[in-house]
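Peer 1: generate a structure from the sequence data that follows.
(chains A, B and C)
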Amino acid sequence: MPQTVITLATRGQGLYEFTDQAAQFTRTAAGGGEGLLTVFVRHTSCSLLIQENADPDVKTDLNAFFRRLVPPCSDPSMRWIVHTTEGPDDMPAHIKAALTQVSIGIPVMNGRLALGTWQGIYLFEHRDRPHRREIVLHLSA
Amino acid sequence: MPQTVITLATRGQGLYEFTDQAAQFTRTAAGGGEGLLTVFVRHTSCSLLIQENADPDVKTDLNAFFRRLVPPCSDPSMRWIVHTTEGPDDMPAHIKAALTQVSIGIPVMNGRLALGTWQGIYLFEHRDRPHRREIVLHLSA
Amino acid sequence: MPQTVITLATRGQGLYEFTDQAAQFTRTAAGGGEGLLTVFVRHTSCSLLIQENADPDVKTDLNAFFRRLVPPCSDPSMRWIVHTTEGPDDMPAHIKAALTQVSIGIPVMNGRLALGTWQGIYLFEHRDRPHRREIVLHLSA
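Peer 2: Reported below is the predicted structural model:
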């Protein structure tokens, strides 16, 4: 089956790894062959990243950088924001999603994701409250 | 036919939605099946975004954020820019394109784009003057 | 053969073009037909960009912008960084990679990459020291 939808439960801003789920789907769907896995997130206030999965401090620093670059609307530097009705973390979430990706294509070689040694696949949650996030996994030949 | 090129006429910086055109091409090309739509823009001073299509203020704020992060070359903070011969909006346009995407892959399920409820597909124009922008739509099996 | 891995040798931060290598692989693999080339970099401290290949000043300015937005950890503004054990250029490299892309899909028309007139494909190196970078090229039908 070349497609599936997985759901991740998030508990506030930060990076949530799902490399194992993507790898497992790929092993089954690719049957040892070559292909292209597309990972697509169906939301506009979270996004996707491929990043280092060795030192957890990298995740902490990535989250901190984006929070400094795009602070919550409650921050005085963000007074120019118009779209505030969905909470102080909503418009910054859209901006952070625009600065990262909603879709990533990963080649599959011999039935396995062609990730580098240190690469993990992450959902990047930009909202404060818990959310259930849908991710589509699609395998092309 | 798995490919087409569409042209969008832009009138200055901002987000221009073309979800309907992408959806219509997909419905015809996918024939009710599964696939992957790749959206690719053939320029270096505009880009692509998937973003919220509910509240138009989101578009306003996105445009404002990128303009604050990367102001025109006429802004004193941008005096370090070398490439100024094509106008004060050109190099900022290249930078904003680098910060977003020129290519997005969207899975197709049952002949339809697997977009989330609030996701729209936008051309993000970074130049001030009107332009005609070419976007390639490609459907893979 | 629908896949290959190419290696680029980098010598410090900046943009390294490999459009010719991608175009040559595509010509051979696509056999004059249509398809989708996916370019994927197997690292987390460099990334990919499609950008202007006409005026080399654009490369200079792009590199300068990202260095200003994300300075080395030795810069006083970056004292909040936790992950410093791999050198002052490592965590900024991860951040710059997150702000750009590790994967880009390019449609193939009549056996050729559907790039616009001014578009070139670049590896964006974010580390100071020389590195050997692996890029996977994958052609889907």
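
Peer 1: could you look up the SS state of A:A22?
Peer 2: Classification of A:A22 using DSSP: H, G, I helix; E, B strand; the rest coil returns helix.

Peer 1: near chain B, which residues of chain A show up?
Peer 2: Contact residues (CB under 8 Å from any CB of the partner chain) of chain A with chain B: A:2-3, A:36, A:38, A:40-45, A:69-70, A:80-83, A:85, A:91, A:94-95, A:97-99, A:101-103, A:105, A:134, A:136, A:138, A:140-141. C-beta coordinates here come from the backbone N, C-alpha and C atoms, glycine included.

Peer 1: now those: which count as buried?
Peer 2: A:2-3, A:36, A:38, A:40-45, A:69-70, A:81, A:83, A:91, A:94-95, A:97-99, A:101-103, A:105, A:136, A:138, A:140 (16 or more other CB atoms under 10 Å in any protein chain shown).

Peer 1: which of those fall in strands?
Peer 2: Residues of these located in strands (DSSP state E): A:3, A:36, A:38, A:40-41, A:103, A:105, A:136, A:138, A:140.

Peer 1: for the spatially closest residue to A:R42 that is not a sequence neighbour, give me its contacts.
Peer 2: Spatial nearest neighbour of A:R42, excluding adjacent residues (CB to CB, 6 or more residues apart in numbering or on different chains): B:G116 at 3.3 Å. Neighbouring residues of B:G116 by CB atoms under 8 Å, 6 or more residues apart in numbering or on different chains: A:41-44, A:134.

Peer 1: list phi and psi for B:G116.
Peer 2: Note on B:G116: backbone dihedrals following degrees, to the nearest 10 are phi -70, psi 170.

Peer 1: between the ones in strands among the buried ones among the residues of chain A next to chain B, which is closest to C:A9?
Peer 2: A:G105 (25.0 Å; CB to CB).

Peer 1: the closest one contacts A:G35, doesn't it?
Peer 2: No. A:G105 is beyond contact range of A:G35, at 10.4 Å (criterion: CB atoms under 8 Å).

Peer 1: for chain B, see how far away the residue in chain A positioned nearest to chain C is.
Peer 2: Closest residue of chain A to chain C, CB to the nearest CB: A:G116 (3.3 Å). Distance of A:G116 to chain B, computed by CB to the nearest CB, to the nearest Å: 20 Å.

Peer 1: that residue and C:P107, how far apart?
Peer 2: Distance, A:G116 to C:P107, by CB to CB, to the nearest Å: 25 Å.

Peer 1: for A:L15, same thing?
Peer 2: 31 Å.

Peer 1: tell me which of those two has more neighbours.
Peer 2: Just comparing A:L15 and C:P107: by other CB atoms under 10 Å in any protein chain shown the higher neighbour count belongs to C:P107, 25 against 21.

Peer 1: which SSE is that one in?
Peer 2: For C:P107, the host element (DSSP states H and E) is strand C:103-109.

Peer 1: show me where chain A has helices.
Peer 2: Assigned by DSSP state H, the helices in chain A fall at A:19-30, A:56-69, A:90-99.

Peer 1: need the ones you listed in TSV with mean pLDDT and distance to B:D57, can you?
Peer 2: Shown next, in TSV, are the helices of chain A (pLDDT from 0 to 100; distance: least, CB to CB, whole Å):
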stretch	mean pLDDT	distance to B:D57
helix A:19-30	96	34
helix A:56-69	97	20
helix A:90-99	98	8
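
Peer 1: okay, those helices, which one's buried deepest?
Peer 2: Mean neighbour count, computed with mean count of other CB atoms under 10 Å in any protein chain shown, is highest for helix A:90-99 among those, reaching a mean of 25.

Peer 1: helices and strands around that helix, which ones?
Peer 2: Other elements packing on helix A:90-99 under the criterion 3 or more CB pairs under 8 Å, 6 or more residues apart in numbering or on different chains; DSSP states H and E are strand A:46-52, helix A:56-69, strand B:46-52, helix B:57-69.

Peer 1: out of these, nearest to B:P76?
Peer 2: Per CB to CB, nearest to B:P76 of these: helix B:57-69, 14.0 Å.

Peer 1: identify the residue nearest A:V108 in space, chain neighbours excluded?
Peer 2: A:V108 sits nearest to A:G35 (CB to CB, 6+ apart), 4.1 Å away.

Peer 1: show the model's pLDDT score for the residue of chain A found nearest chain B.
Peer 2: Closest contact between chain A and chain B, by CB to the nearest CB, is at A:R42 (3.3 Å). We have a pLDDT of 98 for A:R42.

Peer 1: who's in contact with it?
Peer 2: Contacts of A:R42 by CB under 8 Å, 6+ apart are A:133-136, B:114-117, B:119.

Peer 1: for A:Q51, same thing?
Peer 2: A:Q51 touches A:15, A:58-59, A:62, A:119-120, A:122, C:44, C:94, C:97-98, counting by CB under 8 Å, 6+ apart.

Peer 1: how about 6 Å then?
Peer 2: A:122, C:44 (CB atoms under 6 Å, 6 or more residues apart in numbering or on different chains).

Peer 1: measure the closest residue to A:A54 other than its chain neighbours to C:C46 for me?
Peer 2: Nearest residue to A:A54, sequence neighbours excluded (CB to CB, 6+ apart): A:W118, at 5.4 Å. Using CB to CB, A:W118 is found at 12 Å from C:C46.

Peer 1: pull the number of nearby residues for the nearest residue to A:G32 once chain neighbours are set aside.
Peer 2: Using CB to CB, 6+ apart and skipping the chain neighbours, the partner closest in space to A:G32 is A:G111 (3.9 Å). Neighbour count for A:G111, taken as other CB under 10 Å: 15.

Peer 1: A:G111 contacts A:G35, doesn't it?
Peer 2: No. Using CB atoms under 6 Å, A:G111 makes no contact with A:G35, being 8.4 Å away.

Peer 1: name the nearest residue to A:I106, ignoring sequence neighbours.
Peer 2: Using CB to CB, 6+ apart, the closest residue to A:I106 is A:L37 (4.7 Å).

Peer 1: could you give the bridge partners of that neighbour?
Peer 2: Beta-bridge partners recorded for A:L37 (DSSP bridges): A:I106, A:L139.

Peer 1: also A:L48?
Peer 2: Under the criterion DSSP bridges, A:L48 forms beta bridges with A:Q101, A:L123.

Peer 1: report the contact partners of it.
Peer 2: The contact partners of A:L48, taken as CB under 6 Å, 6+ apart, are A:39, A:41, A:101, A:104.

Peer 1: ok, so of those residues, who is nearest C:H126?
Peer 2: Taking these together and measuring to C:H126 by CB to CB, the closest member is A:Q101, at 17.0 Å.

Peer 1: picking that back up, around the residue nearest to A:A54, how many other residues sit close by?
Peer 2: 17.
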